[in-house]
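**Q** pasting the structure only:
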DNA sequence: TTGTGTATATTCACTGGTTAGTATACATAG
DNA sequence: CTATGTATACTAACCAGTGAATATACACAA
């Protein structure tokens, strides 16, 4: 049945991931994905009912590992909350220096498919960002920060701004600048918490 | 000669603007642009040597009006520097509530063509953002703010983050949150200026 | 005024290639 | 012998770009 140890469906998703992330959705044909996965197009259409379905699977597959990475960057960092927040941006800058880096797959897909608001891939992207926002918010809340959601959203804005700006200018130092802003906003929010106790 | 008062070339750019902004670059065929402009495809190729050339013209055409709008929002606002900065975000949120709004054309194009780093359209987008950053920086410098470039970049990050996040979630309130962050970072930078004098 | 050449502007019709998706048949396992 | 999975071969539409011809405007000579 399977040509190798990894199931056909997973190989297709893996091929889709490499191609869609690199060249965008409309820049990659279903034939190209099938060829990269080592299957015929007909086999691909056995596992996915349409290209849109495949795109959704591509993003759904990025959700968990992506979030896990951010959480790990955060928890591995030394220092207080501002330093831990800043560490996310520093690690992101390091990723962005790899030549194959092409920004955030969720944001790039949502930008490309902006004229299809209800597209499954966009819903998956939105859910992904909400999960990250929710995790940040819960973390801040546990630290007793006032208006944790507001701070979480401001950091998310800086993060997604980093993706966009660094993709445009190809200058990862913007991520460090964003990290400083995030750190400073976090420190200010912590000061507001302390001042009330 | 001309079918109407406005030159053919301008009508083509105008059609390209409407279609590319709405549906993305690869989502729009040259035939579609020609049809919308009321010319044949061959005429379009008389005025533009390729689709890439047309895309570049589409963005080049957005550069000046876009910057002028931001400057006007800033200068029309009442209050101190933080309030003027925040006004940009408030006005942007108002724009984003229009149903035809689809984020930033420069960022969306750079996201879609991320696998073509030297593409003329991306260069035009990068230059556009640098112009905005430069204007912000000069404004802050004139106000005697310490490290004006740093603040300018942080605000740019919040702004471009707004575009990305609001496009994904279709929730313009993120822009007001970004405006608060920008205002707060600006106020902090002004305090640093004052504290040294 | 009239004819004529030339650059500009536009059209029709076409090409070679690509695309998403499918009809049909074949294989293999339980 | 039936459900799952894979392959060959196809369709109908679309797409970027082009060849060849035509129309228009205008400068200038007769």
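**A** Ah, there it is. In this text the structure is predicted, and so the values were computed from the model without any measurement.

**Q** Residue A:100 - how many residues pack around it?
**A** Other residues within reach of residue A:100, judged by other Cβ atoms under 10 Å in any protein chain shown, total 8. Any C-beta I mention is one placed from the backbone N, CA and C, and that applies to glycine too.

**Q** Check the gap between it and chain B for me.
**A** Counting by Cβ to the nearest Cβ, to the nearest Å, the gap from residue A:100 to chain B is 10 Å.

**Q** Quick check: that residue touching residue A:17?
**A** No. Using Cβ atoms under 8 Å, residue A:100 is not in contact with residue A:17; the gap is 12.0 Å.

**Q** Check which helix or strand the nearest residue to residue A:124 once chain neighbours are set aside maps to.
**A** Residue nearest to residue A:124 in three dimensions, not counting chain neighbours: residue A:59, with 4.6 Å by Cβ to Cβ, 6 or more residues apart in numbering or on different chains. Here residue A:59, judged by DSSP states H and E, is contained in helix A:51-76.

**Q** How about that helix and DNA strand D, touching?
**A** No. Judged by Cβ under 7 Å from any atom of the strand, helix A:51-76 and DNA strand D are separated, with a smallest distance of 13.7 Å.

**Q** Check which residues of that helix are buried.
**A** A:51, A:54-63, A:66, A:70, A:73-74 (16 or more other Cβ atoms under 10 Å in any protein chain shown).

**Q** helix or strand right after that helix?
**A** Counting by DSSP H and E, what follows helix A:51-76 is helix A:81-96.

**Q** distance between that following helix and the chain's centre?
**A** Chain-centre distance of helix A:81-96: 14 Å, with Cα atoms, centre = their mean, to the nearest Å.

**Q** Now the element after that helix, going C-ward?
**A** Using DSSP H and E, the helix or strand that directly follows helix A:81-96 along the chain is helix A:105-112.

**Q** so what does that following helix touch, helix or strand wise?
**A** Judged by 3 or more Cβ pairs under 8 Å, 6 or more residues apart in numbering or on different chains; DSSP states H and E, the packing partners of helix A:105-112 are helix A:8-23, helix A:51-76, helix A:120-142, helix A:148-169, helix B:105-112, helix B:148-169.

**Q** re earlier: same list, the buried residues of helix A:51-76, but only the ones touching DNA strand C.
**A** Filtering those for proximity to DNA strand C by Cβ under 7 Å from any atom of the strand leaves residue A:51.

**Q** Out of the buried residues of helix A:51-76, flag the one nearest to residue A:130.
**A** Ranked by distance to residue A:130 (Cβ to Cβ), the buried residues of helix A:51-76 are led by residue A:63 at 11.0 Å.
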